[in-house]
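**Student:** this is the structure alone, sequence omitted:
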């Protein structure tokens, strides 16, 4: 929308602030005023870039899945064979949301919340789901995986990555952890790989 | 609060309606008026039973975990040995939220949302977390399980049950399913057991 460097910088600052606000309070409760306050601008300046809260949310969710897809493509390029490719995809998702915990909380909300996506819950997430479809179908066709589908792998295996990133402070003081702590992340990743193999291998 | 049968019936109707509203829109966006409308009473009648939205939410979350704990105790009574007990606990959680999908969505939100629980996210969930602690500790002590903890099993294994129940319509038309469909549930449960064994067995 804006071709000026300053306009672009403002747009990016709005998106970053909106991602934080949507992660914190969810789509329904988020207000354009809250986002404006985080950026330090007035509401009309946001409306210039994003006419409605729905537009703003859509831009955040779209950016989130576009970047996740880019990370996935990069990881898949370097992996050979169905199982190695599936583990590479899961690793890419895990690393992406560990670095971007606001994205993890927005995705986590998306599973519970039918509100922001109305009739089409996969308008943006289809990118990630298709990445998973392709890897699973390849493994099943090769006889390397059981007759399993994306739904079962998303729910049964990759759900764990969102919980791991979101739950750092949600399980009580005695069970608190930092999801980006290298030792913790290594232990969780090993667990994720074990559960993935158990889920899919024929 | 109310000792009269009619008051008790109203209280239960309010709790059921509130569970639906909190599941649909989350704590922040939920309004006492919406709950009153579902029940077919006026706002002051709710306030008589639950003075604030926080009180109402707390009653819903407390009821949810109390019932889940009761189902867990019943299941654990009939299971012998660490692995059988852990699978029985996971099965009890799965069956509980399949029957009560509003509970699944509230739990799912609870992971993303720091709002409703303020300083103590485990005020009510501690019941479920302690049930898991006891079973895990027993298995680790017996040398049957790896040195694993509740955090890793909650995130790495049981997260799947919430995703399975919440995601029935969230993965797009081509991947839609009914979580309570017996065949689907049997397939998912088998997957859950495989990932659980891979996660914990020494």
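**Tutor:** Thanks, I have the structure now. This is a predicted model, so every value here is computed, not measured. Residues are numbered from 1 along each chain as shown, chains lettered A, B, ... in the order given.

**Student:** got the contact list for residue A:58?
**Tutor:** When contacts are counted by C-beta atoms under 8 Å, 6 or more residues apart in numbering or on different chains, residue A:58 is found next to A:123-124. For the C-beta atoms, the positions are set from N, CA and C on the backbone; glycine is no exception.

**Student:** kindly report the same for residue A:178.
**Tutor:** Contacts for residue A:178 (C-beta under 8 Å, 6+ apart) come out as A:168, A:184.

**Student:** go on, residue A:75?
**Tutor:** A:88-89, A:91-92.

**Student:** buried residues, stretch A:129-146. List them.
**Tutor:** Using 16 or more other C-beta atoms under 10 Å in any protein chain shown as the test for burial, stretch A:129-146 gives A:129, A:131-133, A:135-136, A:139-140, A:145.

**Student:** from the residues you listed, pick the one nearest residue B:177.
**Tutor:** residue A:129 (13.8 Å; C-beta to C-beta).

**Student:** just after the host helix or strand of that closest one, pick out the following helix or strand.
**Tutor:** Element membership of residue A:129, judged by DSSP states H and E, is helix A:126-141. Next along the chain after helix A:126-141, taking DSSP H and E as the criterion, comes helix A:150-153.

**Student:** dihedrals phi and psi, residue A:79?
**Tutor:** When read as degrees, to the nearest 10, the backbone of residue A:79 gives phi -120, psi 140.

**Student:** near it, how many other residues are there?
**Tutor:** Look at residue A:79: counted by other C-beta atoms under 10 Å in any protein chain shown, it has 17 neighbours.

**Student:** now it, nearest residue through space, not along the chain?
**Tutor:** With sequence-adjacent residues excluded and distances taken as C-beta to C-beta, 6 or more residues apart in numbering or on different chains, residue A:79 is closest to residue A:88, at 3.8 Å.

**Student:** I'd like to know which elements the strand or helix carrying that neighbour is packed against.
**Tutor:** Using DSSP H and E, residue A:88 sits in helix A:82-99. The contact analysis (3 or more C-beta pairs under 8 Å, 6 or more residues apart in numbering or on different chains; DSSP states H and E) places helix A:82-99 against helix A:53-77, helix A:101-112, helix A:126-141, helix A:159-166, helix A:182-200.

**Student:** worst mean pLDDT among those helices?
**Tutor:** Of all the helices and strands packed on helix A:82-99, mean pLDDT reaches its minimum on helix A:101-112 (a mean of 93).

**Student:** quick one: buried residues of that helix?
**Tutor:** For helix A:101-112, the neighbour count (16+ other C-beta under 10 Å) marks A:102-112 as buried.

**Student:** cool, and stretch A:80-97?
**Tutor:** A:82-83, A:85-97.

**Student:** for the nearest residue in space to residue A:122 that is not next to it in sequence, the count of nearby residues, please.
**Tutor:** Nearest residue to residue A:122, sequence neighbours excluded (C-beta to C-beta, 6+ apart): residue B:172, at 3.8 Å. Residues within reach of residue B:172, counting by other C-beta under 10 Å, total 17.

**Student:** quick check: pLDDT value at residue B:172.
**Tutor:** pLDDT recorded at residue B:172 is 92.

**Student:** and residue A:7, by the same measure?
**Tutor:** 86.

**Student:** try residue A:169
**Tutor:** 91.

**Student:** so what's it closest to, chain neighbours aside?
**Tutor:** Leaving out its chain neighbours, the residue that sits closest to residue A:169 by C-beta to C-beta, 6+ apart is residue A:176, at 5.7 Å.

**Student:** so the one you found sits against residue A:184, correct?
**Tutor:** No: counting by C-beta atoms under 8 Å, residue A:184 is not a contact partner of residue A:176; they are 10.8 Å apart.

**Student:** hey, what's in contact with both of these two?
**Tutor:** Common contact partners of residue A:176 and residue A:184 (C-beta under 8 Å, 6+ apart): none.

**Student:** looking at those two, which one has more neighbours?
**Tutor:** Neighbours were counted for residue A:176 and for residue A:184 using other C-beta under 10 Å; residue A:184 has more, 16 against 13.

**Student:** please name the nearest non-neighbouring residue to the more buried one.
**Tutor:** In space, residue A:184 is closest to residue A:177, 5.3 Å off (C-beta to C-beta, 6+ apart).

**Student:** what pLDDT does that neighbour get?
**Tutor:** pLDDT, residue A:177: 96.

**Student:** that one touches residue B:151, doesn't it?
**Tutor:** Yes: counting by C-beta under 8 Å, residue A:177 touches residue B:151, with 6.4 Å between them.

**Student:** in contact with the closest residue to residue A:175 other than its chain neighbours, which residues?
**Tutor:** In this structure, residue A:175 finds its nearest non-sequential neighbour in residue B:151, 4.9 Å apart by C-beta to C-beta, 6+ apart. Residues counted as contacts of residue B:151 (C-beta under 8 Å, 6+ apart) are A:167, A:171, A:175, A:177.

**Student:** among the residues you listed, which one lies nearest to residue A:32?
**Tutor:** Closest to residue A:32, out of all of those and judged by C-beta to C-beta, is residue A:167, at 29.6 Å.

**Student:** distance check, that closest one against residue B:49.
**Tutor:** As judged by C-beta to C-beta, to the nearest Å, residue A:167 and residue B:49 stand 32 Å apart.

**Student:** who's more crowded, those two?
**Tutor:** When residue A:167 is set against residue B:49 and neighbours are counted by other C-beta under 10 Å, the residue ahead is residue A:167, at 23 against 20.

**Student:** pLDDT value on residue A:116, please?
**Tutor:** Looking at residue A:116, its pLDDT reads 64.

**Student:** and residue A:5, how close does it get to chain B?
**Tutor:** From residue A:5 across to chain B, the span is 35 Å (C-beta to the nearest C-beta, to the nearest Å).

**Student:** residues in contact with the closest residue in space to residue A:145 that isn't next to it in sequence?
**Tutor:** Distances taken as C-beta to C-beta, 6+ apart put residue A:139 closest to residue A:145, at 3.6 Å, once the chain neighbours are dropped. The neighbours of residue A:139, taking C-beta under 8 Å, 6+ apart as the test, are A:82-83, A:85-86, A:145, A:200.
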